[in-house]
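> Generate coordinates for the sequence data below:
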Amino acid sequence: MAKKPKSNVDKIVKKVNKEFEKTSSQIEGLISDAMKQFDTLQHQVQDPVRKLLKEVDELREREMKRFSDEFERRLDEFHELQSSVLERLGVASKEDILKAEKESKKELKKSPAPAASKPAKKPATKKAAPKKAAARKTAAKKTVDKSDLTLVKGIGPATAKKMKDAGITSVDQIANPSPADQEKLNTFSSIKGFDQLTTEAKKIN
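Residues are numbered from 1 along each chain as shown. Modelled structure (predicted):
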């Protein structure tokens, strides 16, 4: 009679163990599903955030570039305007020198004739004036600095600096550009009066 209770206890223990293993397996399955759902949710949150941050960085870079380009353009316009104003105020330039020479010649032509008692000095006066004008013209030619690109009408200090950085260091390269120089100049096609740069450069002797 003692063996029957022991058999019942073993059956109960086995049943309990079986139920425990089953329950443990279910719990592990639930935990695994929860972790998978958590990972999925994390990706769903992180991916839009990463995308948003990337878009913000790209937008910031575009705006900074646009601002920088606009600033450079306004600066070029300011320097060109400044150069134009300085030329009008009488700052030395090739055009000013030529204008001064023309006015000088006009003044010489307008000067009163010598007295009748000194007719011999009249031819000497006419000859002396062209010599002085020629001397001034020669001196003006010698003072032209071909490395100063701002002598070309339409090129301000900021644009001149950029051209030198690009390899255009002389007015002659603008007046008579080689294929390589022309390619470099084409990068400045957006500046005002670009089509006239070569023509303006050829006026500088």
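> quick one, what contacts residue 145?
residue 151 (CB atoms under 8 Å, 6 or more residues apart in numbering). In this view, the C-beta of every residue, glycine as well, is placed from N, C-alpha and C.
> how close does it sit to residue 169?
Residue 145 is 11 Å from residue 169, where distance means CB to CB, to the nearest Å.
> for residue 41, same thing?
For residue 41, the distance to residue 169 - CB to CB - is 63 Å.
> So between these two, which is more surrounded?
Per other CB atoms under 10 Å, whichever of residue 41 and residue 169 has more neighbours is residue 169, with 14 against 10.
> list the helices and strands the longest helix anywhere in the chain packs on?
In the chain, assigned by DSSP state H, the helix with the most residues is helix 3-88. Other helices and strands packing on helix 3-88, by 3 or more CB pairs under 8 Å, 6 or more residues apart in numbering; DSSP states H and E, are helix 157-166.
> Walk me through the domains of the chain.
1-64, 92-112+143-202 (automatic domain parsing).
> Would you mind finding the most buried of those domains?
Mean neighbour count, computed with mean count of other CB atoms under 10 Å, is highest for domain 92-112+143-202 among the domains of the chain, reaching a mean of 15.
> Rank the helices and strands of the chain by mean pLDDT and give me the bottom one.
Lowest mean confidence among the helices and strands of the chain (mean pLDDT, DSSP states H and E): helix 121-143, at a mean of 52.
> okay, the angle between the longest helix of the chain and helix 157-166?
110 degrees (axes from the mean of the first three to the mean of the last three CA atoms, to 10 degrees).
> Residue 158 contacts residue 72, correct?
Yes. Shown here, residue 158 and residue 72 form a contact pair, counting by CB atoms under 8 Å, at 7.2 Å.
> Can you tell me the SS state at residue 145?
At residue 145 the chain is in coil, as set by DSSP: H, G, I helix; E, B strand; the rest coil.
> same thing with residue 169?
coil.
> could I get the domains of the chain as TSV with distance to residue 86?
Formatted as TSV, these follow (distance: least, CB to CB, whole Å):
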stretch	distance to residue 86
domain 1-64	32
domain 92-112+143-202	8
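> how about low-confidence regions in the chain?
1-7, 90-143, 205 (pLDDT under 70).
> Let me see the backbone angles for residue 168.
phi -90, psi 100 (degrees, to the nearest 10).
> typo on my end, residue 170
Reported as degrees, to the nearest 10, the phi and psi values for residue 170 are phi -140, psi 150.
> show me what contacts the residue lying closest to it once chain neighbours are set aside?
Closest residue in space to residue 170, ignoring its immediate chain neighbours: residue 146 at 5.0 Å, by CB to CB, 6 or more residues apart in numbering. By CB under 8 Å, 6+ apart, the contact set of residue 146 is 170, 171, 172, 204.
> Relative to residue 175, how far out is residue 146?
Residue 146 sits 9 Å away from residue 175, taking CB to CB as the criterion.
> so what sits against both of those two?
With CB under 8 Å, 6+ apart, residue 146 and residue 175 have common neighbours residue 204.
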